[in-house]
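Undergrad: okay, here's the prediction I keep looking at, along with the sequence it came from:
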Amino acid sequence: MNRFLQYTFGVIFSICLMVVLLFTAVEAAVYWTPGYFEKEYKKYNVTESVSMKMDDLMDVTNQMMAYLKGNRTELQVNTTMGGVRRDFFSAREIAHMEDVQGLFLGAMSIRRGCLMVMVLCLIILMLLKISWNNTFPRSVLIGSGLFFLGSAVIAGIISSDFTKYFIMFHHMFFTNDFWMLDPSTDMLINIVPEGFFRDTVFYIGFLYFFSVVILLALCVFLMRKKGENSK
(Lines give C-alpha, C1' and ligand atoms only; values in the text may rest on other atoms or scores of the structure.)
Protein backbone atom coordinates (compact mmCIF):
# COMPACT_ATOMS: atom_id res chain seq x y z
CA MET A 1 0.00 0.00 0.00
CA ASN A 2 2.84 2.35 0.89
CA ARG A 3 4.55 1.72 -2.46
CA PHE A 4 1.25 2.34 -4.29
CA LEU A 5 0.83 5.71 -2.55
CA GLN A 6 4.42 6.63 -3.35
CA TYR A 7 3.90 5.97 -7.05
CA THR A 8 0.51 7.71 -7.05
CA PHE A 9 1.79 10.95 -5.54
CA GLY A 10 4.94 10.72 -7.65
CA VAL A 11 2.86 10.54 -10.83
CA ILE A 12 0.64 13.42 -9.67
CA PHE A 13 3.79 15.43 -8.98
CA SER A 14 5.16 14.70 -12.44
CA ILE A 15 1.93 15.62 -14.26
CA CYS A 16 1.80 18.93 -12.40
CA LEU A 17 5.45 19.44 -13.28
CA MET A 18 4.65 18.91 -16.96
CA VAL A 19 1.96 21.59 -16.79
CA VAL A 20 4.39 23.96 -15.05
CA LEU A 21 7.05 23.33 -17.71
CA LEU A 22 4.53 23.87 -20.52
CA PHE A 23 3.25 27.21 -19.24
CA THR A 24 6.79 28.26 -18.35
CA ALA A 25 7.84 27.50 -21.94
CA VAL A 26 5.07 29.83 -23.13
CA GLU A 27 6.29 32.62 -20.84
CA ALA A 28 9.92 31.98 -21.75
CA ALA A 29 9.19 32.23 -25.47
CA VAL A 30 7.37 35.57 -25.41
CA TYR A 31 8.87 37.25 -22.33
CA TRP A 32 12.32 35.85 -21.66
CA THR A 33 13.79 35.53 -25.17
CA PRO A 34 15.73 38.72 -26.02
CA GLY A 35 14.83 40.19 -29.40
CA TYR A 36 12.22 37.56 -30.25
CA PHE A 37 9.49 39.97 -31.39
CA GLU A 38 11.89 42.18 -33.30
CA LYS A 39 13.29 39.16 -35.14
CA GLU A 40 9.79 38.00 -36.08
CA TYR A 41 8.76 41.51 -37.15
CA LYS A 42 11.74 41.69 -39.49
CA LYS A 43 11.00 38.22 -40.84
CA TYR A 44 7.44 39.18 -41.82
CA ASN A 45 8.17 42.80 -42.80
CA VAL A 46 5.74 44.06 -40.18
CA THR A 47 7.07 47.62 -40.03
CA GLU A 48 6.20 48.04 -43.71
CA SER A 49 2.76 46.49 -43.20
CA VAL A 50 1.79 49.00 -40.51
CA SER A 51 3.95 51.96 -41.67
CA MET A 52 5.83 52.21 -38.39
CA LYS A 53 9.40 52.54 -37.22
CA MET A 54 10.73 49.55 -35.33
CA ASP A 55 11.20 51.59 -32.12
CA ASP A 56 7.55 52.66 -32.16
CA LEU A 57 6.39 49.13 -32.95
CA MET A 58 8.46 47.68 -30.11
CA ASP A 59 7.02 50.28 -27.72
CA VAL A 60 3.50 49.16 -28.67
CA THR A 61 4.56 45.52 -28.26
CA ASN A 62 6.09 46.11 -24.84
CA GLN A 63 2.95 47.88 -23.65
CA MET A 64 0.78 45.08 -25.04
CA MET A 65 2.83 42.36 -23.32
CA ALA A 66 2.78 44.30 -20.05
CA TYR A 67 -1.02 44.42 -20.34
CA LEU A 68 -1.23 40.65 -20.86
CA LYS A 69 0.64 40.15 -17.58
CA GLY A 70 -1.70 42.49 -15.77
CA ASN A 71 0.94 45.20 -15.39
CA ARG A 72 -1.23 47.76 -17.23
CA THR A 73 -4.83 48.53 -16.40
CA GLU A 74 -5.74 49.46 -19.97
CA LEU A 75 -4.35 48.51 -23.35
CA GLN A 76 -4.67 51.53 -25.62
CA VAL A 77 -1.33 52.92 -26.83
CA ASN A 78 -0.88 56.18 -28.72
CA THR A 79 1.83 55.89 -31.38
CA THR A 80 3.01 57.15 -34.76
CA MET A 81 1.86 55.35 -37.91
CA GLY A 82 2.62 56.72 -41.35
CA GLY A 83 3.81 59.95 -39.76
CA VAL A 84 0.49 60.45 -37.94
CA ARG A 85 -0.17 60.16 -34.21
CA ARG A 86 -3.08 57.81 -33.48
CA ASP A 87 -4.35 55.12 -31.15
CA PHE A 88 -2.95 51.78 -32.23
CA PHE A 89 -5.72 49.40 -31.13
CA SER A 90 -9.35 49.50 -32.22
CA ALA A 91 -12.22 48.84 -29.79
CA ARG A 92 -12.62 45.34 -31.23
CA GLU A 93 -8.92 44.56 -30.73
CA ILE A 94 -9.04 45.79 -27.15
CA ALA A 95 -12.06 43.56 -26.45
CA HIS A 96 -10.20 40.57 -27.90
CA MET A 97 -7.05 41.34 -25.93
CA GLU A 98 -9.09 41.46 -22.73
CA ASP A 99 -10.06 37.85 -23.48
CA VAL A 100 -6.44 36.94 -24.26
CA GLN A 101 -5.31 38.52 -21.00
CA GLY A 102 -7.86 36.46 -19.11
CA LEU A 103 -6.57 33.31 -20.82
CA PHE A 104 -2.93 34.13 -20.05
CA LEU A 105 -3.53 35.06 -16.42
CA GLY A 106 -5.68 31.95 -16.04
CA ALA A 107 -2.77 29.82 -17.28
CA MET A 108 -0.43 31.50 -14.79
CA SER A 109 -2.92 30.77 -12.00
CA ILE A 110 -3.04 27.12 -13.04
CA ARG A 111 0.76 27.04 -12.93
CA ARG A 112 0.76 28.43 -9.39
CA GLY A 113 -1.85 25.86 -8.40
CA CYS A 114 0.28 23.05 -9.85
CA LEU A 115 3.32 24.30 -7.94
CA MET A 116 1.31 24.16 -4.72
CA VAL A 117 0.19 20.60 -5.50
CA MET A 118 3.82 19.64 -6.22
CA VAL A 119 4.92 20.97 -2.83
CA LEU A 120 2.10 19.05 -1.13
CA CYS A 121 3.10 15.86 -2.97
CA LEU A 122 6.72 16.27 -1.89
CA ILE A 123 5.66 16.67 1.76
CA ILE A 124 3.51 13.55 1.56
CA LEU A 125 6.31 11.61 -0.16
CA MET A 126 8.75 12.63 2.57
CA LEU A 127 6.29 11.36 5.19
CA LEU A 128 6.01 8.10 3.22
CA LYS A 129 9.83 7.91 3.24
CA ILE A 130 10.08 7.46 -0.52
CA SER A 131 13.28 6.31 -2.20
CA TRP A 132 14.48 9.52 -3.91
CA ASN A 133 16.99 7.66 -6.11
CA ASN A 134 14.63 4.92 -7.29
CA THR A 135 10.88 5.08 -6.64
CA PHE A 136 10.59 8.85 -7.07
CA PRO A 137 12.43 9.15 -10.42
CA ARG A 138 10.62 6.04 -11.63
CA SER A 139 7.20 7.55 -10.84
CA VAL A 140 8.22 10.88 -12.38
CA LEU A 141 9.39 8.99 -15.46
CA ILE A 142 6.01 7.26 -15.76
CA GLY A 143 3.89 10.39 -15.32
CA SER A 144 6.13 12.62 -17.43
CA GLY A 145 6.43 10.00 -20.15
CA LEU A 146 2.66 9.66 -20.46
CA PHE A 147 2.14 13.43 -20.55
CA PHE A 148 5.03 13.84 -22.98
CA LEU A 149 3.60 11.19 -25.29
CA GLY A 150 0.19 12.84 -25.27
CA SER A 151 1.75 16.24 -25.98
CA ALA A 152 3.81 14.80 -28.85
CA VAL A 153 0.68 13.32 -30.44
CA ILE A 154 -1.18 16.64 -30.15
CA ALA A 155 1.83 18.52 -31.56
CA GLY A 156 1.97 16.15 -34.51
CA ILE A 157 -1.73 16.64 -35.24
CA ILE A 158 -1.44 20.45 -35.03
CA SER A 159 1.62 20.56 -37.30
CA SER A 160 -0.28 18.64 -40.00
CA ASP A 161 -2.63 21.61 -40.56
CA PHE A 162 -1.72 24.57 -38.38
CA THR A 163 -4.35 26.92 -39.82
CA LYS A 164 -7.18 24.49 -39.15
CA TYR A 165 -6.21 23.90 -35.53
CA PHE A 166 -5.34 27.56 -34.97
CA ILE A 167 -8.93 28.44 -35.85
CA MET A 168 -10.24 25.53 -33.77
CA PHE A 169 -8.24 26.82 -30.78
CA HIS A 170 -9.99 30.19 -31.01
CA HIS A 171 -13.42 28.58 -31.21
CA MET A 172 -12.61 26.48 -28.13
CA PHE A 173 -11.21 29.21 -25.88
CA PHE A 174 -13.13 32.34 -26.94
CA THR A 175 -16.88 32.73 -26.58
CA ASN A 176 -17.18 35.58 -29.10
CA ASP A 177 -15.88 36.52 -32.56
CA PHE A 178 -13.68 39.44 -31.50
CA TRP A 179 -10.66 37.38 -32.62
CA MET A 180 -11.87 37.61 -36.23
CA LEU A 181 -10.02 40.79 -37.18
CA ASP A 182 -9.87 42.76 -40.43
CA PRO A 183 -6.30 43.45 -41.61
CA SER A 184 -7.46 46.60 -43.39
CA THR A 185 -8.62 48.22 -40.14
CA ASP A 186 -7.18 46.19 -37.27
CA MET A 187 -3.44 46.52 -36.72
CA LEU A 188 -3.07 43.58 -34.31
CA ILE A 189 -3.53 41.01 -37.04
CA ASN A 190 -0.85 42.79 -39.08
CA ILE A 191 1.83 42.77 -36.38
CA VAL A 192 1.19 39.15 -35.36
CA PRO A 193 0.19 37.31 -38.56
CA GLU A 194 -0.45 33.57 -38.67
CA GLY A 195 3.21 32.92 -39.50
CA PHE A 196 4.21 34.61 -36.26
CA PHE A 197 1.89 32.35 -34.28
CA ARG A 198 3.16 29.27 -36.12
CA ASP A 199 6.77 30.16 -35.32
CA THR A 200 5.89 30.89 -31.70
CA VAL A 201 3.98 27.65 -31.18
CA PHE A 202 6.88 25.64 -32.62
CA TYR A 203 9.36 27.58 -30.47
CA ILE A 204 7.29 26.93 -27.36
CA GLY A 205 7.15 23.26 -28.33
CA PHE A 206 10.93 23.15 -28.70
CA LEU A 207 11.50 24.73 -25.28
CA TYR A 208 8.97 22.42 -23.65
CA PHE A 209 10.17 19.18 -25.23
CA PHE A 210 13.82 20.09 -24.59
CA SER A 211 13.11 20.63 -20.88
CA VAL A 212 11.14 17.36 -20.69
CA VAL A 213 13.92 15.39 -22.35
CA ILE A 214 16.40 16.76 -19.80
CA LEU A 215 14.03 15.76 -16.98
CA LEU A 216 13.55 12.25 -18.35
CA ALA A 217 17.29 11.83 -18.84
CA LEU A 218 17.88 12.89 -15.23
CA CYS A 219 15.33 10.32 -13.99
CA VAL A 220 17.01 7.54 -15.99
CA PHE A 221 20.43 8.61 -14.67
CA LEU A 222 19.25 8.46 -11.04
CA MET A 223 17.66 5.06 -11.55
CA ARG A 224 20.81 3.66 -13.16
CA LYS A 225 22.97 5.13 -10.43
CA LYS A 226 20.78 3.51 -7.82
CA GLY A 227 21.04 0.20 -9.68
CA GLU A 228 24.84 0.40 -9.83
CA ASN A 229 25.09 1.23 -6.11
CA SER A 230 22.92 -1.75 -5.21
CA LYS A 231 25.21 -4.24 -6.96
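TA: Right, received. Where do you want to start? Residues are numbered from 1 along each chain as shown.
Undergrad: work out the gap between the host helix or strand of Leu105 and the centre of the chain.
TA: Under the criterion DSSP states H and E, the helix or strand holding Leu105 is helix 91-127. Taking the mean of its C-alpha atoms, helix 91-127 sits 11 Å from the chain's own mean (Cα atoms, centre = their mean, to the nearest Å).
Undergrad: Gln76 should be in a strand, yeah?
TA: No - going by DSSP: H, G, I helix; E, B strand; the rest coil, the assignment for Gln76 is coil, not a strand.
Undergrad: residues near it, how many?
TA: Other residues near Gln76 come to 14 when the count uses other Cβ atoms under 10 Å. From N, CA and C alone the C-beta is placed, and that goes for glycine too.
Undergrad: close enough to count as contact, it and Phe88?
TA: Yes - counting by Cβ atoms under 8 Å, Phe88 is a contact partner of Gln76 at 7.4 Å.
Undergrad: helices of the chain, start to end?
TA: With DSSP state H, the ranges of helices along the chain come out as 2-27, 36-43, 46-50, 54-68, 91-127, 135-160, 162-173, 188-191, 194-229.
Undergrad: could you pull out the buried residues of the longest one?
TA: In other words, helix 91-127. 92-94, 96-97, 99-101, 104, 108, 111, 114, 117-118, 121, 124-125 (16 or more other Cβ atoms under 10 Å).
Undergrad: okay, which residue is most central for this protein?
TA: Nearest to the geometric centre of the chain sits Val26, at 2.2 Å (Cα atoms, centre = their mean).
Undergrad: name the nearest residue to that residue, ignoring sequence neighbours.
TA: The shortest distance from Val26 to any non-neighbouring residue, by Cβ to Cβ, 6 or more residues apart in numbering, is to Ile204 (5.4 Å).
Undergrad: quick one, what contacts that neighbour?
TA: Ile204 makes contact with Ala25, Val26, Ala29 under the criterion Cβ atoms under 8 Å, 6 or more residues apart in numbering.
Undergrad: and the first one, what does it touch?
TA: Spelled out, that is Ala25. Neighbours of Ala25 in contact, by Cβ under 8 Å, 6+ apart: Ile204, Gly205, Leu207, Tyr208, Ser211.
Undergrad: against Leu75, how distant is it?
TA: Per Cβ to Cβ, to the nearest Å, Ala25 is found 25 Å from Leu75.
Undergrad: now swap in Asn176 and tell me
TA: Relative to Leu75, Asn176 is positioned 17 Å away (Cβ to Cβ).
Undergrad: looking at those two, which is more packed in?
TA: Neighbours were counted for Asn176 and for Leu75 using other Cβ under 10 Å; Leu75 has more, 21 against 10.
Undergrad: for stretch 3-21, the distance to its chain's centre please.
TA: 20 Å.
Undergrad: counting neighbours, which bits of it end up buried?
TA: Within stretch 3-21, the residues scored as buried using 16+ other Cβ under 10 Å are 6-7, 9-21.
Undergrad: and what of stretch 26-39?
TA: So stretch 26-39, judged by 16+ other Cβ under 10 Å, has buried residues Val26, Glu27, Ala28, Ala29, Val30, Tyr36, Phe37.
Undergrad: same list, those, but as TSV with distance to Cys219 and pLDDT please.
TA: Below are these laid out as TSV (distance: Cβ to Cβ, whole Å; pLDDT from 0 to 100):
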residue	distance to Cys219	pLDDT
Val26	24	96
Glu27	24	96
Ala28	22	97
Ala29	25	96
Val30	29	95
Tyr36	30	97
Phe37	35	97
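Undergrad: can I get those residues in CSV with distance to Pro137?
TA: Formatted as CSV, those follow (distance: Cβ to Cβ, whole Å):
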residue, distance to Pro137
Val26, 26
Glu27, 26
Ala28, 24
Ala29, 28
Val30, 31
Tyr36, 33
Phe37, 38
